[in-house]
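Asks: This is a predicted model, with the sequence first.
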Amino acid sequence: MASVARRLGVAPSTLRTWDRRYGVGPSRHTNGRHRRYGTSDIGRLELMQRALLRGASTAEAAKYALEQMPRAVTETVKTPVVRPEEPVAAPSPPPEDHDVPSRLARRLSTAALAMDFGAVQRMLADTIRELGVLPAWSGVVSPVLTALGARWRGVSAGAEVEYLLAECVYAALVRATPVLREPRNQRPVLLTCVPDERDNLPMYALAAALAGRRIGTQLFGASLPAEVLAVTVRRSVPAAVVLWSGRRTTADPRLFARVSRGRQRSRLFACGPGWDPAMLPDKVELLSELTTAADRIEHVLVGARR
C-alpha cells in the first residue's frame, strides 16, 4: 500500500478510507490475509484522480472509476513454481510516461482534495525538484490552482482546499528560492503585484526562477499602494521593475508613469494576462508568461556579459 500511496501522491490512510467507504481498493489476495493492489486497481485509482481534478466529489469520482473499470472477481495470488530447466523471463520495463506534468497534476489535486497537508508539501517539493520551478508552475501547479479555484469560486464549502494548496505553494516556492551571495546583476529586479491584485504566487515563482539563474530580485509579495510603490522604486533604484496583473480590472497603465520618475531609469515590464498591450506606454515591455519573462529579464540584465 505504501508504494501505491507514493505513486498516487496520497497518504496510505487516504487509500484505506477510499477502500472502506467507496470500495476502490485492492482486489487481489495473497495466500495469507493481506490484500494486494493489482494493475487494474491502480488504474481505477488513477481514473478516480482524473475525475477529482475535473471537479467531481470523492463519492462521484469513486463511482465513475468503478463504472469505467468494474472490479473483477477476487483472485488468490500464488507464488509460481519455476523449474530449473525453465528460463525465467526478464520483467518488462515500465512504459515511458510521456505526460509527466498531467500525472503530477492529478496526484497534487488528489492530495489537496483529501486535505493531506503533508502529501501536498511532498508533492510540490518533488515536482519542483523533478521539473524545475517554471515547468512545475506552468505544467502542474497553475493548472491545479485554476481548476480548484473554478470549482470553489462562489461556494463557501470547499474553499479550504484552495487555501490549503495556495499556502503550500507559497512555502514551496520560498524554499526553492536560493539566497544569492553574488548575483550576476548589480542592481535588483523589483517584482510586485499591481494594487488590489490578490494573486501574488506567480511573482514568487518568477523570483525563484530568476534566483536559480543567479539574478537578484527584490520581491514584495503584498501589492503596494501606488504612492508606496513609487517611493520604493525611487529608493531601491532597481535595474528593472516588473508589475504583475492577473485581471483587467486591476491593470492600470498609469502606474508606469509614477514609477519611472526621477533621474535613475529602470527597465519597465508588464507581466500577466491582465495587461492590455494597446494601453501600455511605449517604453513598457509586455511579458506574456513567466518563462518568457525569466528569459527576457536575464537577457536584458546580464545577457551581454556572457
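Replies: Good, I have the coordinates.

Asks: Give me the below-cutoff pLDDT ranges for the stretch 1-150 of the chain.
Replies: Within the stretch 1-150 of the chain, the segments meeting pLDDT under 70 span 6, 9-11, 28-34, 53-56, 71-99, 150.

Asks: at 90 what do you get?
Replies: By pLDDT under 90, the weakly predicted segments of the stretch 1-150 of the chain are 1-107, 109-116, 143, 145-150.

Asks: Do a quick rundown of the strands in the protein.
Replies: Secondary structure of the chain, counting by DSSP state E: strands at 28-29, 35-36, 75-76, 189-193, 217-220, 240-244, 267-271, 284-287.

Asks: For these, could you give me a markdown table that also reports distance to Glu182 and mean neighbour count?
Replies: Quick note: C-beta positions are derived from backbone N, CA and C, even for glycine. As requested, the strands of the chain are exported to a markdown table (distance: least, CB to CB, whole Å; neighbours: other CB atoms under 10 Å):
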| stretch | distance to Glu182 | mean neighbour count |
| --- | --- | --- |
| strand 28-29 | 57 | 16 |
| strand 35-36 | 54 | 15 |
| strand 75-76 | 62 | 9 |
| strand 189-193 | 16 | 26 |
| strand 217-220 | 14 | 18 |
| strand 240-244 | 19 | 26 |
| strand 267-271 | 22 | 23 |
| strand 284-287 | 26 | 18 |
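
Asks: ranking those strands by mean pLDDT, which is last?
Replies: When the strands of the chain are compared by mean pLDDT, strand 75-76 comes last with a mean of 40.

Asks: Nearest to Leu124, out of the strands of the chain?
Replies: Nearest to Leu124, of all the strands of the chain, is strand 217-220, at 18.7 Å by CB to CB.

Asks: which residues in the protein form helices?
Replies: 2-8, 12-22, 39-53, 58-68, 100-113, 117-131, 133-136, 142-152, 159-175, 201-212, 226-236, 254-259, 290-302 (DSSP state H).

Asks: quick one: which of the ones you listed is nearest Val194?
Replies: helix 254-259 (6.2 Å).

Asks: any chance of the helices of the chain in JSON lines, with mean neighbour count and distance to Cys193 too?
Replies: What follows is the helices of the chain, written out as JSON lines (neighbours: other CB atoms under 10 Å; distance: least, CB to CB, whole Å):
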{"stretch": "helix 2-8", "mean neighbour count": "15", "distance to Cys193": "34"}
{"stretch": "helix 12-22", "mean neighbour count": "16", "distance to Cys193": "35"}
{"stretch": "helix 39-53", "mean neighbour count": "20", "distance to Cys193": "27"}
{"stretch": "helix 58-68", "mean neighbour count": "17", "distance to Cys193": "34"}
{"stretch": "helix 100-113", "mean neighbour count": "23", "distance to Cys193": "23"}
{"stretch": "helix 117-131", "mean neighbour count": "19", "distance to Cys193": "21"}
{"stretch": "helix 133-136", "mean neighbour count": "23", "distance to Cys193": "18"}
{"stretch": "helix 142-152", "mean neighbour count": "18", "distance to Cys193": "16"}
{"stretch": "helix 159-175", "mean neighbour count": "18", "distance to Cys193": "13"}
{"stretch": "helix 201-212", "mean neighbour count": "24", "distance to Cys193": "6"}
{"stretch": "helix 226-236", "mean neighbour count": "15", "distance to Cys193": "10"}
{"stretch": "helix 254-259", "mean neighbour count": "16", "distance to Cys193": "11"}
{"stretch": "helix 290-302", "mean neighbour count": "19", "distance to Cys193": "14"}
